[in-house]
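Participant: Attaching a predicted model along with its sequence, questions to come.
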Protein chains: 2
Amino acid sequence: VPSPLFQGGVLVTDQSPLLSSRAGCWASGPQDGQSSCQFFSDGRRKVDYVLVFYQRKQISVRGGDRLHRLSGGLGCVELEADPVEGEMVLIREEFEARLLEAGLEMERDTEVRDQPACVCSVCVCALCGCWSGVISGEIFNITSKDTFFDNATRSRIVSLSFRMFLSLCFSLTQYSLLHDEWARYGAFYKYQPVDLIRKYFGEKIGLYFAWLGVYTQLLIPASMVGIIVFCYGCYTVDMDVPSLEMCDKQQNFTMCPLCDGVCDYWHLSTACGTARASHLFDNPATVFFAIFMSLWVATFLEHWKRRQISLNHSWDLTGLEEEEDHPRPKYETVLLQKRQMMRNKEKKNEKKKKKKKIETGVEKLTWRDRLPGYLINISSILFMFGLTFSAVFGVIVYRIVVSALMAMSPDPETKSNVRVTVTATAVIINLVVILILDEIYGAVAVWLTELEIPRTESNFEQHLILKAFLLKFMNAYAPILYVAFFKGRFAGRPGDYVYVFNDYRMEECAPGGCLIELCIQLSIIMVGKQLIQNNVFEIGIPKLKKLIRAWKGKGISLEEREEQRARPPQQWNLDYTLVPFEGLTPEYMEMIIQFGFVSLFVASFPLAPLFALLNNVIEIRLDAKKFVTELRRPDAVQAKDIGIWYNILSGMGKFSVIINAFVISFTSDFIPRLVYQYMYSQTGTMHGFIDHTLSHFNVSNFRPGNAPTSSYLPETTVCRYKDYREPPWSAEAYQFSKTYWAVLAARLAFVILFQNLVMFLSLLVAWVIPDVPKNISEQLKREKTLLVDVFLREEKEKFHLLQSLFSSKDQPSQGHPDTAHFRTLPLGLSQGLGQPPGGEGGESRARCRAASFSQFTRQMSMSPSNNAGRQMSMSPSNDATRHTAV
Amino acid sequence: VPSPLFQGGVLVTDQSPLLSSRAGCWASGPQDGQSSCQFFSDGRRKVDYVLVFYQRKQISVRGGDRLHRLSGGLGCVELEADPVEGEMVLIREEFEARLLEAGLEMERDTEVRDQPACVCSVCVCALCGCWSGVISGEIFNITSKDTFFDNATRSRIVSLSFRMFLSLCFSLTQYSLLHDEWARYGAFYKYQPVDLIRKYFGEKIGLYFAWLGVYTQLLIPASMVGIIVFCYGCYTVDMDVPSLEMCDKQQNFTMCPLCDGVCDYWHLSTACGTARASHLFDNPATVFFAIFMSLWVATFLEHWKRRQISLNHSWDLTGLEEEEDHPRPKYETVLLQKRQMMRNKEKKNEKKKKKKKIETGVEKLTWRDRLPGYLINISSILFMFGLTFSAVFGVIVYRIVVSALMAMSPDPETKSNVRVTVTATAVIINLVVILILDEIYGAVAVWLTELEIPRTESNFEQHLILKAFLLKFMNAYAPILYVAFFKGRFAGRPGDYVYVFNDYRMEECAPGGCLIELCIQLSIIMVGKQLIQNNVFEIGIPKLKKLIRAWKGKGISLEEREEQRARPPQQWNLDYTLVPFEGLTPEYMEMIIQFGFVSLFVASFPLAPLFALLNNVIEIRLDAKKFVTELRRPDAVQAKDIGIWYNILSGMGKFSVIINAFVISFTSDFIPRLVYQYMYSQTGTMHGFIDHTLSHFNVSNFRPGNAPTSSYLPETTVCRYKDYREPPWSAEAYQFSKTYWAVLAARLAFVILFQNLVMFLSLLVAWVIPDVPKNISEQLKREKTLLVDVFLREEKEKFHLLQSLFSSKDQPSQGHPDTAHFRTLPLGLSQGLGQPPGGEGGESRARCRAASFSQFTRQMSMSPSNNAGRQMSMSPSNDATRHTAV
């Protein structure tokens, strides 16, 4: 077993599910014996190493300290009522012996500390039967200061502790198993040991890895279909009539210049390369793939629902309900301040008018208290949206300006590489901007959510996630959305170009279509983001932080260092250098953004699922390594589902249908081709398509300065450009032609068709795949039947008991006549009977019997699995038993 | 209290939730003392009047009969072990006295019947504490023939019986309350007493009326907005430029003739009326109304969800889980036959090859067994779809032929009324066809579902509902869908008309647009269907059936009639003439089809919600009257929700968005107007719109015979028709013009915009309205806190008890030294202890204590609300109690 066995020593933090900030401190941390009680004051301070035996995988018994009772005496700290010391020692010794028997290591902290760090009055008594392999049960009792914890906290203590002990007893084996079987790259082809992960890290983290597993697994068919679609593109590229026509030097279309003045007319056949590349991603198979992926999203969501329900069942979470959440410390502080203020105001008011009623207790913050926070929120989010759009626009300007400058360059080498250079650099700038803004937005979202003063921790988490998602989503997709839907659409036409900053023409798409640019943009941002985030943010920065932490640790006084040298560092001190766990939000966020790449623009980049798959196979093991060896062990948090992330996923699924519909119909050439083939083509084939898509421009209509200053093709009178406009000789020259409107109508019709078809199919998929797997629902039914069985058997036994009771009454020779029919009643059943039956009259007897009946059944229905009844009927002839009848 | 107090005497039917067909008979019916045991054989026979005291609102005690014990003796029938007669009589007398005290009527059947109809061995013992207003509890016990009921049935008996007794004790008051407060038209403005309905009729029927109430209530705002929209149309009709232009006799458009030969050219201003009528429903407010209604649907669904959860909470259904359903008798019969066949085959096979393994028990029917059923299903459904379409087509042909014939008539009176006469008669024919097919399809759906051999009753219900819905939906909406989307779109153009049967031109819409025709169609079908269904099917036919039933009853032999005269008919005999309850499906179906009228085509008929509201206000009271006075009292069935109907509603909501989008953009003139105003109008106003929508036709291009044979306007050279086509003088004469494509694109763009906007807003509505009402979720939290409170208090008391136990042990002077620490342990806790503790050694003592601890806690955790512990700690000094320690 490697070193960081003790990782994660933080038990009670203000985020701990075990004890909220109001729980106060239980003991001192190892580093500071004096300060942990400050925990009360600011609600932020972390208290390390409390209930040491629970959070760590080894038992540390601290002799001499009050804590010894906590860890040694089965976890009982009772500082007010001093128990008999001898008994505790006895219990501790037995406990320790059993632990050693079970093969657990034990570490003793024999240093004597006289001052208990703070006084608290919580007694945790637990019977951990782990040495015999059976947990027998536990009792938690708060003996004094009833107001110290509220009920929800208590219930959480009760419910959590059982798992704690389980976790304690088996975690040593678990850890090595996880380390060897899960947290290494060599195991990439294996299923994850999800049950083990859940046992060790809790349900919430278990669900994350299970979700990641399902997602990755389902990416396999998606990538395979993606590869097939891509191969289809490769295979058919030489048969594609439009790209053949574009490359055909015979059909020599003279195109209008790409920039004003310095650019010359050019032949379309020089753009042959991009046309062929375009075909790889822009072919009928892509449409099929887009539909396939939309259904894939629906399947994935349904599949995850099923898996979640299976896990809920096997992890026994079906009955788990949402806990009542505690108010966050921040919220309580603000509420306190408000109350204070109101009271002050009241006093003032009292002086003015005595009758005014403002004394209604301030129970919660209203929207008026939060208004400033909301205003800052909205304006900040708008500002950050603006920032994102500015960044995108900045990159556009960069592209336009650099293209123009490079086009003016006298160097022909530079000129020929304009497009490649500009595109590549611009995408990299985009990527860097995205990565930087991503980090900034993450931090800003936290700050903004704090300003909202959410009441509970779960509110906080939800608001934070939504905000962060919104910002990061816009950040990651804004440049891609621009390329997909806006680039080249505002460039104008020859003779009427659109200019930015009065001098620079708006950029156009490459002659092969915008789809190929979208594809490049998408692949670079997706792959680059994942590579950099995995390497830099998930490996590099934590290492750096650890270094800094270690370096800071060296800054302690010489005296302390002396002390440290004298006393070898305990495991918990080593663990302290580990990085604290900061929640699953970043992990989920990364995956969700990736899911967006896979689902939203899949029509333009069929290889996206493949790249996602490759990334995730590594990502799982990377995360596993991080959780097992680099983070402090996170608190085990119970959760039934992945929460708001499911809604985000489902929302993205819906959004992706629309985006894909628009990409296919507006960004790709799919619809114009169809329209040409079935409406305009004379032969019914694609021959002549290129000619059809190019409009004519009479060069004499160029504005002054727009025409090439010097040309290799001086005889050109008409140049061509990609648009559907009337020719110069028409009455409505350069207006949109009828073809334009027909193609537009076809594009829009396709969007409607695609969207409704896919929505219908998705509903069908969701309907066909039942939410609850059949084996689970059968299992549930079987369990229910069993329960009913047990219940009925007991009812029957009770009836027998009752019968024997009545019949024994008819034989007055046996037992005491007065109490005969109470004789075998279980304890407590006689409670509530008005009086012991005395007379033998029919009516009173019947009434009494009815009363005893009802008592009996009420008692029984409350304890359905109580088997006292059976026991009694099995031993009816035992010694006479007498109970109080009051 | 009126007469049908005893209505609904059927207790055990093969559809009964209490006992499935396998339950057999409990007693004989009042009509036949010999035949009810046949119930076993075919699984179809109904057994009336069993457990008489439950299903009826009055207690009927039958002296002399075995049944007297059932009703008199608190419902205990035990035919095998004969109880002491005297005791039973005593109990019965007391019970009866109490009932009379409580004000219940009592009816005595003193006739002596020697032969109990059949022997069954079920004992139902119940303690009905209703006379004191408190139900104390009940015990059900099946003493023998354990295999008689399976567990699910038993559990159902247990769970249902409690409600039965409740139902018994309060039903008399309930009935008169329901009768006076609910089932009369005068109470139409009142809220329904839903809790009472549920108490009396069970949750399923309660939910139906609650749903109907919510729906009707929410129709109020919808109708109000609808009226406002209609009023807006009325108010602006004189300001609407297009209709003014149409009515303007100065702008005299000469229109092409409406039929070949006999029809003349005509002036557009003659169609002034329809244009003005059109405007009432085809104005911008309608678009707003369509959006409003889509959001209304979302609101309605969310609101119902909330109401359902509220009801679930107040009716205590939150914990209710789906019962394991019984196989239907039909299913079992088929399964049996299959098993038999397999066994026969096996035998044959055994003769051939002895090794073959087919002996795997036939546990269920596979798709192969159902294949014939499925095939018949699919082909029947397709056939019925065909039937529906044929009916629609038949009416179209009727319209075309009659129009043509009437146009040829020499009578000018006939000619002028062509359109009105034809439209009115056609719609009425449509209505009649719909009503007839509706009834046929209802019956066919049942037959088809039987063919599918669904395994359980709920499967059967679901399949039936889906099938019936599909058929009735198509039936009701096919003619409307035709008018909305197809009528007039295949008529061709002058010079190139489309003909059916070679002679008749396809019909066109009225000059005012198809919307007004859609509106007429919709209003007549909707209002007519509701009126006829309410009056004929819900009032007339049941009355008729009752008459027939009474008439049939007269056909009994003279002897029996003699007997009847001698013995006045008991209430249950009178109740037998009531109509049996046939499930809620027809009620729901009627409402769902109405919901379709309200949601699907609301863009064309804003008054639909108003008509629906008026209908429902009556419908509620009509249904109430029916349930209270005309039907036998239905079995009380538990249900958590309205089941598949919610899915159907939600599906219709989704579908309505698309339909409305298409109606607005394709059926109404909204988009062409917008396009004209913003793309073509010179002044930016609507002036010139009519001219713009009319294409030109050169009358010399008429085919021979198409032109009017004689005309009042012989000088006409160019006539106009409504379409966007190139004029005769264009190079592409009569082709679709550029405007056509532009308008088409705008229409499609509007569909996309509308659909996505409304979907987004609906999601928003669903997200903003939380599913669980705030007060309920707070209530649940409070309940949970209380539970935790109780639990913790008890744990604490247990701890105290334990402490006192330990401490008392340190004072050996008190009690018996051996068993001192068992003294106050509740019964059963000592069970499982290996041996009574004897030695005083430290280790063994500790172990023993641990063991008793674990026993204690296990026991306690099983009965969380057991308060034995508290009681014990309150009386620690009572008499010594000894239990067996084995």
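Facilitator: In hand now; what should we look at?
Participant: I'd like to know the average pLDDT value across the helix ranked longest in chain A.
Facilitator: Using DSSP state H to define each element, chain A has its longest helix at helix A:367-408. Per-residue pLDDT values across helix A:367-408 average out to 88.
Participant: Please apply the same query to stretch A:770-789.
Facilitator: Averaged across stretch A:770-789, pLDDT comes to 80.
Participant: And stretch A:706-725, by the same measure?
Facilitator: Confidence over stretch A:706-725 (mean pLDDT, whole number) is 85.
Participant: Compute the first-to-last residue distance for it.
Facilitator: From the first residue to the last, stretch A:706-725 extends over 19 Å; the measure is Cα to Cα, to the nearest Å.
Participant: lowest-pLDDT helix or strand in chain A?
Facilitator: helix A:39-42 (a mean of 25; mean pLDDT, DSSP states H and E).
Participant: Tell me the helices and strands packed up against the longest helix of chain A.
Facilitator: Contacting helix A:367-408 under the criterion 3 or more Cβ pairs under 8 Å, 6 or more residues apart in numbering or on different chains; DSSP states H and E are the following elements: helix A:412-416, helix A:418-452, helix A:457-485, strand A:504-505. Every residue, glycine included, has its C-beta placed from N, CA and C.
Participant: Strands along chain A, start to end?
Facilitator: When secondary structure is read from DSSP state E, chain A shows strands at A:10-12, A:47-48, A:59-62, A:106-109, A:123-127, A:137-141, A:254-255, A:266-267, A:492-493, A:496-497, A:499-500, A:504-505, A:694-698, A:718-722.
Participant: Where does the prediction get shaky in the stretch 751-886 of chain A?
Facilitator: Counting by pLDDT under 70, the stretch 751-886 of chain A contains low-confidence ranges at A:808-886.
Participant: Below-threshold pLDDT in the stretch 251-400 of chain A: ranges please.
Facilitator: Where the stretch 251-400 of chain A drops to pLDDT under 70, the residues are A:318-326, A:350-362.
Participant: what residues does the stretch 401-550 of chain A put near chain B?
Facilitator: Within the stretch 401-550 of chain A, no position is near chain B by Cβ under 8 Å from any Cβ of the partner chain.
Participant: Any idea how many residues pack against A:Val397?
Facilitator: Taking other Cβ atoms under 10 Å in any protein chain shown as the neighbour definition, A:Val397 ends up with a count of 15.
Participant: quick one: contacts for it?
Facilitator: For A:Val397, the residues meeting the contact criterion (Cβ atoms under 8 Å, 6 or more residues apart in numbering or on different chains) are A:500-501, A:504.
Participant: Skipping its backbone neighbours, what lies nearest A:Pro372 in space?
Facilitator: A:Leu451 (7.8 Å; Cβ to Cβ, 6 or more residues apart in numbering or on different chains).
Participant: so the one you found makes contact with A:Leu375?
Facilitator: No. Under the criterion of Cβ atoms under 8 Å, A:Leu451 is not in contact with A:Leu375, lying 9.5 Å apart.
Participant: Show the contacting residues for A:Trp289.
Facilitator: Heads up, residue A:289 is Phe, not Trp. A:225-226, A:229, A:602-603, A:606.
Participant: Throw those into CSV and include distance to A:Gln521 and neighbour count, thanks.
Facilitator: Converted to CSV, the contacts of A:Phe289 look like this (distance: Cβ to Cβ, whole Å; neighbours: other Cβ atoms under 10 Å in any protein chain shown):
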residue, distance to A:Gln521, neighbour count
A:Val225, 23, 19
A:Gly226, 18, 25
A:Val229, 19, 25
A:Val602, 14, 28
A:Ala603, 14, 30
A:Pro606, 15, 30
